[in-house]
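[1] got a structure for you, letters missing:
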Ligand SMILES: [Zn+2]
C-alpha cells in the first residue's frame, strides 16, 4: 500500500473524519458557491447547520451535470459553482463530454495534489511498485485523465507516455523498453490482443505482467477480463474516475474483487436508484448509480454529483487489507436500456456473450429499434463470430437463452462475421440506435 495508515484504517474512523471534512466543505460552499447557496436554499436548507452531517447527506438535493452547465455564461464559462479566485487556480481541464461543448474543471494547487494522491493510491493498488516501468497510452494531455499520469511519478514508477493511435510504436516500446505494466482502456487492451494475434506477435511473451485498464467499464467483468488476461499473459486490474470529481478515484487490488476508493478522505460515495434518485444503502451486493461529494475541494466543489456510473458494491473484508466499500462498474446509466421494466446494460450483454469465446470474438453491438431508453423485446444484438467460427442457429439460440437467464431480457441475436464490428483504440461503442 502506498499509504497503509490511510488505506487500512477502520472505515468507521474514516467516516468520522469525513463527517468533519464534509461539514467544513458545506460551510465553504455556503460561503463561496453561488450555485449551492441558491440550490440548497431552494430545497429549504439555508445554512450549513441546517444541512447537518454526512449521515444526513441524502436529505440534500442531487446535482446533475447539466444543471451546473446551465449556469455557464460568457463571463463565467466554468459555472456558478466556481468558488476560487482566478489567482488560486493552477489548472483548468476540459471533460470531453459526449454531448455538446466541453465542461471546464478548474483546480487549485491543493485540489490537484489531492487528485494525484488519490490516483496514486488507486493505481498502486494494482500491485505495481516503485522502480517498475509503465507505458501509458492515453492521449490525455488536454483531458482530465492527464492528471492521472502524474500519479505514476508519485508511485515512483518510470513512466513512458506513448498515447493512442500508433500501435506499431507502442509495441516497439513494449519490446525495447520492457515495461512491467501498460495502462490503457479495456477496448484498446482487447484490440492489441487481436492485433498481436494477426501478426503472430507473442504478447504473452512480452515483459508486461500487469495490464491496468480504465476509462470505460469492462475490465472488471470476469469473462472479458479473462480474455484480456489470457491474451496478455498478465494480470488485469481496473481503475475508475469521473472527470468532474477526480481522476482514478477507485482502483482494484490484486484480489480483483472490485475497486477500492483510493480517493478516500477526498470524496464521499453514495448509491442511488437512478430512476427515482432515492438513496440506496451502501451494503454488500447493492447496486445503483454512484453519487459523489467532494470533501476537501476548493476550486469548484460538487455536492451529491450524479456520476451516471452504475456500480455494484462489495463490503466484505479484502485480503489486501484495504478497508471500506469496493465497487465494480456494471455500466453507464446513459447506456442503460429498459426492456419491459428490466434494466439492461450493454456491457453486461457483452460479458454474457464473452462466455461463448472461442466461438465468438467477444465484440457485440446492441441495436435498439426505437429512440430512447425504453425498448420493447426482443432487443436486437449483433454478436461477432470468432475468426474461424462457423456460427449457426444453435449458437445464436444458446446465446439468446443465456442472455435471458442471466439478464432476464429477450433478445434477437444476429451472428455477424469476424471483423464486421468496429474496433476501437480508445473506447468502444456498444449501442447503436437505428
Ligand atoms: Zn483489496
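    In hand now; what should we look at? Remember, it's a predicted structure, so these values are computed and weren't measured experimentally.

[2] what sits against the one residue in the stretch 101-250 of the chain that gets nearest to the ion?
    Nearest to the ion, among the residues of the stretch 101-250 of the chain, is residue 125, at 6.6 Å (C-beta to the ion). For every residue, glycine as well, the C-beta is placed using N, CA and C. Residue 125 makes contact with 1, 237, 251-253, 259-260, 262, 320, 322, according to C-beta atoms under 8 Å, 6 or more residues apart in numbering.

[3] so which of those residues sit within strands?
    Counting by DSSP state E, the members of the contacts of residue 125 that fall within strands are 237, 251-252, 259-260.

[4] residue contacts, residue 64?
    Residue 64 makes contacts with residue 306, as judged by C-beta under 8 Å, 6+ apart.

[5] I meant residue 241, not that one.
    119, 122, 144-145, 148, 214, 247-250.

[6] tabulate the contacts of residue 125 (TSV), appending neighbour count.
    Below are those laid out as TSV (neighbours: other C-beta atoms under 10 Å):
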residue	neighbour count
1	15
237	27
251	29
252	32
253	23
259	28
260	28
262	33
320	17
322	24
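
[7] related to what we said a few turns ago, out of the contacts of residue 241, which sit inside helices?
    Assignment to helices by DSSP state H places the following of the contacts of residue 241 there: 119, 122, 148.

[8] could you check the pLDDT of the last one?
    Translated: residue 148. Residue 148 carries a pLDDT score of 87 in this model.

[9] can you pull the contacts of the closest residue to it other than its chain neighbours?
    With sequence-adjacent residues excluded and distances taken as C-beta to C-beta, 6 or more residues apart in numbering, residue 148 is closest to residue 247, at 4.3 Å. Shown in contact with residue 247 (C-beta under 8 Å, 6+ apart): 115, 118-119, 144-145, 147-148, 151, 241.

[10] and what of residue 288?
    By C-beta under 8 Å, 6+ apart, the residues touching residue 288 are 271-274, 280, 310-311.

[11] repeat for residue 175
    By C-beta under 8 Å, 6+ apart, the neighbours of residue 175 are residue 206.

[12] now swap in residue 335 and tell me
    By C-beta under 8 Å, 6+ apart, the contact list for residue 335 reads 345-347, 430-431.

[13] nearest to the ion, of those residues?
    Closest approach between the contacts of residue 335 and the ion, by C-beta to the ion: residue 347, at 22.3 Å.

[14] quick one, what contacts the closest one?
    With contact taken as C-beta under 8 Å, 6+ apart, residue 347 is in contact with 217-218, 221, 330-331, 335, 430.

[15] just the buried members of those residues?
    Neighbour-count burial (16 or more other C-beta atoms under 10 Å) applied to the contacts of residue 347 gives 217-218, 221, 330-331, 335, 430.

[16] what's the burial count for the residue nearest to residue 118 when sequence neighbours are not counted?
    Nearest residue to residue 118, sequence neighbours excluded (C-beta to C-beta, 6+ apart): residue 263, at 3.2 Å. When neighbours are defined as other C-beta atoms under 10 Å, residue 263 has 28 of them.

[17] surely residue 263 and residue 246 touch.
    Yes. Contact criterion C-beta atoms under 8 Å: residue 263 and residue 246 qualify, at 5.4 Å.

[18] okay, and the common contacts of these two?
    Residues within reach of residue 263 and of residue 246 at once, by C-beta under 8 Å, 6+ apart, are 114-115, 118-119.

[19] for the ion, what are the nearby residues on the stretch 301-434 of the chain?
    Along the stretch 301-434 of the chain, the residues adjacent to the ion under the rule C-beta under 5 Å from the ion are 318, 320, 322.

[20] please enumerate the strands of the stretch 101-250 of the chain.
    For the stretch 101-250 of the chain, applying DSSP state E, counting those that start in this stretch gives strands covering 103-108, 133-136, 158-161, 181-184, 210-213, 235-242, 246-252.

[21] the longest strand along the chain - what's its average pLDDT?
    Longest strand of the chain, by residue count under DSSP E: strand 305-314. Per-residue pLDDT values across strand 305-314 average out to 95.

[22] again, but for stretch 248-256
    Averaging pLDDT along stretch 248-256 yields 97.

[23] is the ion contacted by that stretch?
    Yes. Against the ion, stretch 248-256 shows contacts by C-beta under 5 Å from the ion at 253, 255.

[24] contact partners of the longest strand of the chain?
    Here strand 305-314 makes contact (C-beta under 8 Å, 6+ apart) with 62-65, 217, 240, 242, 244-245, 257-258, 271-272, 274, 282-293, 325-334, 336, 345.

[25] now that strand: how far from the chain's centre is it?
    How far strand 305-314 lies from its chain's middle: 9 Å, per C-alpha atoms, centre = their mean, to the nearest Å.

[26] and the next element down the chain from that strand?
    Next along the chain after strand 305-314, taking DSSP states H and E as the criterion, comes strand 326-332.

[27] partner strands of that next one, with direction?
    Applying DSSP bridges, strand 326-332 is found paired with strand 259-261 (antiparallel), strand 305-314 (antiparallel).

[28] from the contact counts, what lies against the following helix or strand past it?
    For strand 326-332, the succeeding helix or strand toward the C-terminus, using DSSP H and E, is strand 337-339. Strand 337-339 sits against strand 342-344, strand 374-375, with contacts defined as 3 or more C-beta pairs under 8 Å, 6 or more residues apart in numbering; DSSP states H and E.

[29] how far is the shortest one from where the chain is centred?
    What that stands for is strand 374-375. Relative to the chain's own centre, strand 374-375 is displaced by 25 Å; criterion: C-alpha atoms, centre = their mean.

[30] who touches it?
    For strand 374-375, contacts defined as C-beta under 8 Å, 6+ apart pick out 337-339, 368-369.

[31] is it true that residue 277 touches residue 63?
    No. Using C-beta under 8 Å, residue 277 is not in contact with residue 63; the gap is 11.2 Å.

[32] have a look at the two and say which one is more surrounded.
    residue 63 (21 against 15).

[33] just to check, the more buried one is in contact with residue 303?
    Yes. Judged on C-beta under 8 Å, residue 63 makes contact with residue 303 at a distance of 5.9 Å.

[34] so how many other residues sit close to the residue nearest to residue 59 when sequence neighbours are not counted?
    Nearest residue to residue 59, sequence neighbours excluded (C-beta to C-beta, 6+ apart): residue 52, at 7.0 Å. Other residues within reach of residue 52, judged by other C-beta under 10 Å, total 16.

[35] check residue 52 and give its pLDDT.
    Reading off the model, residue 52 has pLDDT 96.
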